[in-house]
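Student: just need the structure, nothing else, for what follows:
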Amino acid sequence: MDSTNTDNPLLKLRHVQQIFTSGQRRFTAVQDVNLTVFEGEFVALLGPSGCGKSTLLRIITGLQKPSEGRVLYRDQLLRGVNPHATIVFQTFALFPWLTVLENVELALKARNVPPDIRTPRSLDLIDRVGLDGFETAYPRELSGGMRQKVGFARAMAVEPELLCLDEPFSALDVLSAESLRGELLELWTSGSIPTKAILMVSHNIEEAVFMADRIVVMDKEPGRILSELKVELTHPRQRKSEEFQKVVDEVYAMLAGQTEPELIELGTAPGEPGRTRVLPQVTITDLAGLLEHLSELPNDRADIYRLTEELGIDSNHLFNLTEAAEILGFATVAKGDILLTPLGETFAEASILARKEIFATRIRRLPLVRWLTNMLTHSENRSLAWDVIQTALELEFPPEEAGKQLDTLINWGRYAELISYNDDREQVYLETQSQPQKV
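Tutor: Coordinates of the predicted model:
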């Protein structure tokens, strides 16, 4: 459905920022976001994990107040919970002791809708999402896809003008997710639901192109809008069509960006001026698999969007792999293509021991690795407790991200034989330092 009314904006975000504080450290989750959603529009917020998509949804629905900026709904400043918007989360969030009908009625009961109105309305919505006959069933009796349909029915029971979806299909198996996407689109395009606009958070590029009229591409560190793309494809959309694939390729190119000069790519070490680069969470096995695959292709080059299917991985994981290949100098990215460098080709064709040596040489250049090895070098017994390093990293990153970065540092360092880790003692060592025997 493309009945977008550009003269009638439902939602406006103006210079919205969200800053979180951890101890003395401030983390910018969302930076200077400006966004308008119009009546009749299906918009997808697309980007990697950690780019602030879900934070924006909570701000839009009034579940969270932004640190800075304004949220306007129908040109009125939003204060508190947005009564015209509702949200469907990626987890089903159903009450297991209530039936399907009772779960759907709950949203109306919370708004003091009388029983003689809420029961017929709930039954009608249960029928519309294809669950007629399951009104008295409990969540435990339903499949994942059916439970999420109950979530949709409950969200739509209050007849929201703006329906917000927070990765609503990510917890489902492939077939259930595909079926539910099609059914939601059928309800939307046919006008069978009262919703005026849909705003969906996703990191699945094909999903966004399949469903949305407009895609808003976001990036992280900090979360911000990179660009927007209007999807000029009619419904139903054919995934295998040349037009569909062209749009997918264009979105991949937006998200992948291009390889920057090394000084920018590597960032700085903690405590130094500039941005400390977050290391992508990937295993060496997966990275080697990507490089080996590229080395077997003509000209060592590939369209990034084709790799998800060829390698059987999702786009989020693929972008982490391409990012790791870039910062290690194994590949470059430009215009939606990834190209193996001579060093990457050498790594792909090297023996097990030679790969370790190459990898060790490359990660020594990474500011975060240099920071850790310097700390260990100047520490007693050239070792540090896990929680000491974690605390130091929390001066740069939120606690959860600090833990992930330490995991990656240890895994990469162990593979390169630069550092070792004793899990019993929760102690990190320089590899050259012999570890104490277990007591």
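Student: so where's the chain shaky on pLDDT?
Tutor: Low-confidence regions of the chain, defined here as pLDDT under 70, cover residues 1-6, 22-24, 92, 258-263, 432-439.
Student: what residue is smack in the middle of it?
Tutor: Of all residues in the chain, the one closest to the mean position by C-alpha atoms, centre = their mean is residue 49, 2.7 Å from it.
Student: quick one: it and residue 203 touch, right?
Tutor: Yes - taking contacts as C-beta atoms under 8 Å, residue 49 lies within contact range of residue 203: 6.3 Å. Bear in mind the C-beta positions are built from the backbone N, C-alpha and C, glycine included.
Student: overlap in contacts of these two?
Tutor: A shared contact of residue 49 and residue 203, defined by C-beta atoms under 8 Å, 6 or more residues apart in numbering, is any residue touching both; here these are residue 316.
Student: ok, back up a step: and the residue nearest to the centre of the chain, which of the three is it?
Tutor: Put simply, residue 49 is coil when judged by DSSP: H, G, I helix; E, B strand; the rest coil.
Student: distance of it from residue 364?
Tutor: Per C-beta to C-beta, to the nearest Å, residue 49 is found 28 Å from residue 364.
Student: just residue 352 next, same as before
Tutor: Counting by C-beta to C-beta, the gap from residue 352 to residue 364 is 19 Å.
Student: who has more neighbours, the two?
Tutor: Here residue 352 and residue 364 are set side by side on neighbour count (other C-beta atoms under 10 Å), and the busier one is residue 364, at 12 against 7.
Student: verify the stated contact: the more buried one with residue 374.
Tutor: No - with the criterion set as C-beta under 8 Å, residue 364 and residue 374 do not qualify as a contacting pair; they are 11.3 Å apart.
Student: tell me who's in contact with the nearest residue to residue 213 once chain neighbours are set aside.
Tutor: The spatially closest residue to residue 213, leaving aside those adjacent along the chain, is residue 42, at 4.8 Å (C-beta to C-beta, 6 or more residues apart in numbering). Residues counted as contacts of residue 42 (C-beta under 8 Å, 6+ apart) are 1, 188, 197, 198, 200, 211, 212, 213, 214.
Student: shouldn't residue 51 be in contact with residue 216?
Tutor: No - the pair residue 51 / residue 216 is not scored as a contact, 10.8 Å apart, by C-beta under 8 Å.
Student: quick one, which of the two is more surrounded?
Tutor: It is residue 51, of residue 51 and residue 216, that has more neighbours when counted by other C-beta under 10 Å, with 26 against 22.
Student: give me phi/psi at the residue lying closest to that one once chain neighbours are set aside?
Tutor: Excluding the flanking residues, the one nearest residue 51 by C-beta to C-beta, 6+ apart is residue 220, at 3.9 Å. Dihedral angles of residue 220 (phi, psi; degrees, to the nearest 10) stand at phi -110, psi 180.
Student: ok, now residue 111?
Tutor: Note on residue 111: its backbone torsions stand at phi -100, psi 20 [degrees, to the nearest 10].
Student: hang on, it packs against residue 157?
Tutor: No - the pair residue 111 / residue 157 is not scored as a contact, 9.2 Å apart, by C-beta under 8 Å.
Student: more neighbours, these two?
Tutor: Between residue 111 and residue 157, counting by other C-beta under 10 Å, residue 157 is the more crowded of the two (24 against 10).
Student: gap between that one and residue 129?
Tutor: Look at residue 157 and residue 129: by C-beta to C-beta, they are 11 Å apart.
Student: and for residue 55?
Tutor: 28 Å.
Student: equivalent analysis for residue 79, please.
Tutor: Computed as C-beta to C-beta, the residue 79 to residue 129 distance reads 32 Å.
Student: more crowded one of those two?
Tutor: Looking at residue 79 and residue 129 with other C-beta under 10 Å, you find the greater number of neighbours at residue 129, namely 23 against 9.
Student: residues in contact with that one?
Tutor: Applying C-beta under 8 Å, 6+ apart to residue 129 gives the contacts 149, 150, 152, 153, 183, 187.
Student: quick one: which two of those are the most distant?
Tutor: Checked with C-beta to C-beta, the contacts of residue 129 reach their widest spread between 150 and 187, with 14.4 Å between them.
Student: once you drop chain neighbours, what's closest to residue 59?
Tutor: residue 66 (5.1 Å).
Student: doesn't the one you found fall inside a helix?
Tutor: No - the assignment for residue 66 by three-state DSSP gives coil, which leaves it out of any helix.
Student: and it, how many neighbours?
Tutor: The tally of other residues near residue 66 (other C-beta under 10 Å) stands at 21.
Student: packing partners for whichever strand or helix holds residue 414?
Tutor: Mapping residue 414 onto the secondary structure by DSSP states H and E places it in helix 399-415. Based on contacts counted as 3 or more C-beta pairs under 8 Å, 6 or more residues apart in numbering; DSSP states H and E, the elements that helix 399-415 packs against are helix 284-295, helix 352-363, helix 367-377, helix 386-393, strand 419-422.
Student: in JSON lines: those, plus distance to residue 104.
Tutor: Formatted as JSON lines, the helices and strands packed on helix 399-415 follow (distance: least, C-beta to C-beta, whole Å):
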{"stretch": "helix 284-295", "distance to residue 104": "42"}
{"stretch": "helix 352-363", "distance to residue 104": "53"}
{"stretch": "helix 367-377", "distance to residue 104": "49"}
{"stretch": "helix 386-393", "distance to residue 104": "44"}
{"stretch": "strand 419-422", "distance to residue 104": "50"}
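Student: which among those is found nearest to residue 70?
Tutor: Residue 70 lies closest to helix 386-393 among the helices and strands packed on helix 399-415, at 34.2 Å (C-beta to C-beta).
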